[in-house]
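Asker: kindly return the folded structure for what I paste below:
(2 chains)
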Amino acid sequence: MTDTTANQDNSHDLYAVRLQKLENLCKEDRNPFLANCAQTHTSAEAIKLYQEGSADEDQPRVAIAGRITVFRVMGKASFIKIQDRDGPIQCYVTRDELPEGEYNTYFKKLDLGDIIGVEGRLFKTKTGEITVRAECYTLVSKALRPLPEKWAGLTDDDKIYRQRYLDLIVNAESRQRFRQRSQIIKEMRKYLWERDFTEVETPMLQSVAGGAAARPFITHSNALDCQFYMRIALELYLKRMLVAGEDRVFEIGRVFRNEGLSRRHNPEFTMLELYQAYTDFRGMMELTQGLIQHVAKTVIGSLEIARPDGVVINLDGEWREAKYKDLIIEATGDAEWFTHDRGTKLEKARALNIEVNGELEDYEITNNVFEKIIEPTLIQPTFVTHIPRELCPLAKITQDDETTIDVFELCINGQEIAPAYSEQNDPIIQRKMFADQVGEEQQDMDTDFLNALEHGMPPAGGMGLGIDRLIILLTGAESIRDTILFPSLKPLNPSES
RNA sequence: GGGCCGUUAGCUCAAUCGGUAGAGCAGUUGACUUUUAAUCAAUUGGUUCGGGGUUCAAGUCCCCGACGGCCUACCA
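Answerer: This next block holds a predicted model:
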C-alpha cells in the first residue's frame, strides 16, 4: 500500500516521524499508551538485588519500567538505559531472546523518551555494570517529542522554568534538589509533631490581608459578591488559634505578595509559621536553631553547608547573637549613630555609599544601613535581636528598653531566613500599633483579630521561616526559582508559542 | 518601574569588517550480539524571537515590540 506521506521526506520533522510510528503501531493493534504496567522494583532496588558470585541463571528476575534515556543499537543486540524515579538502569536486549520479528520490527523503532517496561534477570556486563537481560519488553507510553540533547542537557533558563518536566528528566541535580525540598518539609513536620505541635490550615482568601506589609493580590468571590485578598502571611489566623486554646500550632503554606521578582523573591512562596504559648522569642531561638539543625542533619547529612562559591556555612554549635544597635554602630563606625537626627543619618548613610530614598523615616534610614551593608555580611547564622519597635507592630516591647522589641531576625547566607517574636498579646497596645501603621502603610485593620485578642491570648513565641530561602541555603541553589518547581513567569503570547 | 545583556536547526553552540547561515548531539538510511558521550558510512533539517528601517547586500547596523537573565527599585 502507498502511504501518502512516503513521497515527502519529513525525516527532519521529529514530531512527524514519531507520529507516523504511533500510527503504524495503532494499525497493528499495538496500543502505544497502556493503562498500566507491572513494576516489581525500581532501578535502585533492582540493582541492589544482584547477587555477587551467583550464576546468571540464579540471579533474581525483575520487572522494571521507565523512560528510555540511552539507546545503543549494535546489530542484533542493544543496550538501553531506562530511567525511573530512582535513576537509570541498563537493559540488554537481543534479537534472539525476544519473540520472532519483535526486535527488528518493533524494538529498534522505539525512541529516546519512550516509556517501556522490561522483564528479565539481572547480570553483570564485561565492564561490571549490573544490567537487566530482557526476556520481554512492553511499550507503555510513546513519546511524540524528543528529549533535550543528551549531555549538554537543558540549560536555557526560560525552558527550564516553563518546561520543568524536561529539566527534571534531564538534569539530575534539579531532580535531587526537589527531592530534598520534599524531605526538608517532611523533616520539619516530624520535628514539630514530636514537640506536640498541631498542624492547621487557615484561609488563603482573606477579607483583610494582614500580618505583613506587602501588597496583596486581589480577587473576587462571585457567590459572596465581595473582594478577597490572597494572604500575605499566616500570622493573624494562627494567633486566633492561640486564643482558641491550641497552644502549639503551625502551618506550612503558600503566601502571595504582589511585589517584584528577583533571585530571592517569587510572588508566591512557602512559609512555615509556628506559635507556641508560654514561651517567648528566647524559646523560639532554641526551637529555630534545633529545627534547622535537625533538617540539615537528616536531609543534607551535615551541619556544614558548602555554597557554590566554596564558602562553608557552619550550622553547628550555639549560633551568634548580636544586637541590632551594636551591628549598626559597628558597621557605621559611629557610636553616636542613634543620637543623630534624621538629616544627619541620611547624610551619613549616603556617605557610606548606601542609596537611600530621601523621603524615608528616621528608622527606615537605619534599616537601610542594616539591609544593605550588614545583612549581606551575615553569612554564618546570626540572631539579630533588639530591633527597633517601629519595624514590627506585632511584637512585645522590650521591658527595659522602650525603643526595641523582643524579636530576633535570623540571618544566614546573607539573607533573612526567619524572624521570631515574643508575640504582642495586649489588645490595647496592639490596636494602637496597628492604628499608627494604618496611616503610613495603608493597611486595613483586622478588627476581628483585635476582637480575638480582647478575649485573651496567652503569652507566646512565634516564628516565621521562608522555606524557599532555607532550601536555597541548604541545597546551594543560586536562585529561589531553582527551589520552586514552577516559578512565576510571564505567560507566552499563544500565537508565538 | 529603571539600566545592562541575551534570543540562530528538536537540544547545546559557531558564523571575521555588513558579503553563500555551520558543527556536535538527536532524526532518517545502512553495517555491527557486552556498549558506557558506543563506533563506522551516508543523509535530512533554518520565518536567525516578531515587526519596521538603512543598504547593492542584514543573523550582524538602527528603531519599535515580545520573552528571559543579571543588577537595581519595591517586598517592615
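Asker: near RNA strand B, which residues of the stretch 151-300 of chain A?
Answerer: By C-beta under 7 Å from any atom of the strand, the part of the stretch 151-300 of chain A that sits against RNA strand B consists of A:151-159, A:161, A:211-215, A:233, A:257, A:259-263, A:265. The way it works is simple: take the backbone N, C-alpha and C, and place the C-beta from them, glycine included.
Asker: burial count for the residue of the stretch 251-400 of chain A found nearest RNA strand B?
Answerer: Residue nearest to RNA strand B within the stretch 251-400 of chain A (C-beta to the nearest atom of the strand): A:G260, separated by 2.6 Å. Per other C-beta atoms under 10 Å, the neighbour tally for A:G260 reads 7.
Asker: so which residue of chain A comes closest to RNA strand B?
Answerer: Counting by C-beta to the nearest atom of the strand, chain A gets nearest to RNA strand B through A:G75 (2.1 Å).
Asker: tell me who's in contact with that residue.
Answerer: A:G75 sits next to no residue when contact means C-beta atoms under 8 Å, 6 or more residues apart in numbering.
Asker: re the thing from before, tell me the buried residues within the residues of the stretch 151-300 of chain A next to RNA strand B.
Answerer: A:G153, A:L154, A:Y161, A:G211, A:A212, A:A213, A:A214, A:A233, A:R257, A:H265 (16 or more other C-beta atoms under 10 Å).
Asker: in helices, which of these appear?
Answerer: A:Y161 (DSSP state H).
Asker: and the residue of the stretch 251-400 of chain A closest to RNA strand B, which of the three is it?
Answerer: Secondary structure, DSSP: H, G, I helix; E, B strand; the rest coil: A:G260 is coil.
Asker: can you check which strand is longest in chain A?
Answerer: Secondary structure assigned by DSSP state E gives strand A:61-74 as the longest strand of chain A.
Asker: mean confidence score for that strand?
Answerer: Strand A:61-74 carries an average pLDDT of 97.
Asker: check which element follows that strand along the chain.
Answerer: strand A:77-84 (DSSP states H and E).
Asker: could you export the helix-or-strand element of chain A with minimal mean pLDDT as CSV, CA atoms only?
Answerer: Lowest by mean pLDDT, DSSP states H and E among the helices and strands of chain A is helix A:427-441, with a mean of 79. Provided in CSV are the C-alpha atoms of helix A:427-441 (Å, rounded to 0.1, in the frame of the first residue of the first chain):
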residue,chain,number,x,y,z
PRO,A,427,-5.1,44.2,72.7
ILE,A,428,-4.9,47.9,73.7
ILE,A,429,-1.3,48.2,72.6
GLN,A,430,-1.9,46.1,69.6
ARG,A,431,-4.7,48.3,68.4
LYS,A,432,-2.6,51.4,68.9
MET,A,433,0.4,49.9,67.0
PHE,A,434,-2.0,49.0,64.1
ALA,A,435,-3.5,52.4,64.1
ASP,A,436,-0.1,54.0,63.9
GLN,A,437,0.7,51.7,60.9
VAL,A,438,-2.6,52.0,59.1
GLY,A,439,-1.8,55.6,58.3
GLU,A,440,1.5,55.1,56.8
GLU,A,441,1.3,51.7,55.2
